[in-house]
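K.L.:
3D, please:
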Amino acid sequence: MTDSTNSNPKDVIDPSSVDVASADSAEQAEPMPDLSVQRAAKKTNIGGQALIEGLMMLGPEKQAIALRLPSGEIDVQVKPRTQRARKFNVPFLRGSVRLVTQLRTGVSALMRSAELTATDEEEEETSKLDRFLERHQGFAMTMTVFVSLLLSVAIFVLIPSLFTDLIRSMTGLGQNGDFAEVFSLSLIEGVTRMAIFLLYVWSTSKMKEIKRVWQYHGAEHKTIACYEAGLPLTVENCREQPRQHPRCGTSFLFLFMFVSILVFALIGRYAVWINILLRLALVPLVAGITYEITRFAGRSDSKLSRILSKPGLALQNLTTAEPDDSMLEVSIAAMEAVIPENAGEDDW
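P.N.:
As a prediction, this is how the structure comes out:
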């Protein structure tokens, strides 16, 4: 392994003395949160990502991966964050840059979590391809990010566009250049994109392994909300927090699809391949606009920011689940590892 993470005995936590909540608590539905919980004390730029049996937290200076090992212990690995993305801190450009860099960071963390949480039986079944990828992690991450972006663009951009062009050719809608008709086609395209996304989220949520990832996703949000509320990071305090958060990636995806409706409507519709090329070229712009809206909604307490946040918060009922106390322990361990020493360094 060519990993620059640091791990030592003090980073391993023994959970044996902690009372873990019953599985029934994970099934209880939670009402939509009052955003005043997040506004109570501060807003932090610390964010995270759910992994396999754990999660990653990204602070202003450090990155921490906390995982529940098969032995039951919590392994915490911390390393400095690269600051390359900060060099591109230009409005409407930084969104797409950070999307790619964080995707690469997330893929690396997922690979790490899969490796450390694998059981002996799973390790014995490792294929030659898996062993090759372990020896060439840089190549593996680059290809994984490339394939992930390619599939995402194909599923959520190209397929809806092709479906809309089919409707256009069958009905003649928008072929005279009328803006109302072109906007109607963009609306059809956007609704198709959202339907595909919701179907994907709903179908994956039925998988047992994915449901546990959604639970860790909920643990991440609860821990961040507890920290932003100015409360001590304890299981009891985190448990009482909402599992939805306005700066979640789910909210970003929803806003991305909504912004794409408006942007794609403004450029009009042309031949099929021109439409596809235009959409591919405009993905970074749509991502940049979406990031700025998400940034505003996460920083502001205005009525407009609440309106912008509501659809994404509702959608998080599908992409988060109520965590048990053992998951909150993991999230707290990751959070504590990235909180900066000087107050205010992580202000959003």
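K.L.:
Tell me where the model's unsure across this structure.
P.N.:
Along the chain, segments meeting pLDDT under 70 span 1-41, 83-88, 118-145.
K.L.:
any idea which element residue 78 lies in?
P.N.:
strand 74-80 (DSSP states H and E).
K.L.:
Just give me the neighbour total for residue 206.
P.N.:
Using other Cβ atoms under 10 Å, residue 206 has 8 neighbouring residues. Glycine gets a C-beta too; all of them are placed from N, C-alpha and C.
K.L.:
ok, it - contacts?
P.N.:
Residues near residue 206 by Cβ atoms under 8 Å, 6 or more residues apart in numbering: none.
K.L.:
Residue 334 too?
P.N.:
Residue 334 neighbours (Cβ under 8 Å, 6+ apart): 48, 54-57, 64-66, 76, 223.
K.L.:
Return the set of buried residues in the helix or strand harbouring residue 102.
P.N.:
Element membership for residue 102, per DSSP H and E: helix 94-116. Neighbour-count burial for helix 94-116, counted by 16 or more other Cβ atoms under 10 Å, picks out 94-99, 102-103, 105-113, 115-116.
K.L.:
Identify each buried residue in the helix or strand encompassing residue 286, please.
P.N.:
For residue 286, the host element (DSSP H and E) is helix 272-299. Of all the residues in helix 272-299, those buried under the rule 16+ other Cβ under 10 Å are 275-276, 278-279, 282-291, 293-295, 297-298.
K.L.:
Going along the chain, name the helices of the stretch 51-200 of the chain.
P.N.:
For the stretch 51-200 of the chain, the helices defined by DSSP state H, counting those that start in this stretch cover 94-116, 120-124, 128-135, 137-153, 159-171, 179-205.
K.L.:
How far away from the center of its chain is the last one?
P.N.:
Mean C-alpha position of helix 179-205 versus that of the full chain (Cα atoms, centre = their mean, to the nearest Å) differs by 20 Å.
K.L.:
cool, and the fifth one?
P.N.:
Per Cα atoms, centre = their mean, the displacement of helix 159-171 from the mean C-alpha position of its chain is 30 Å.
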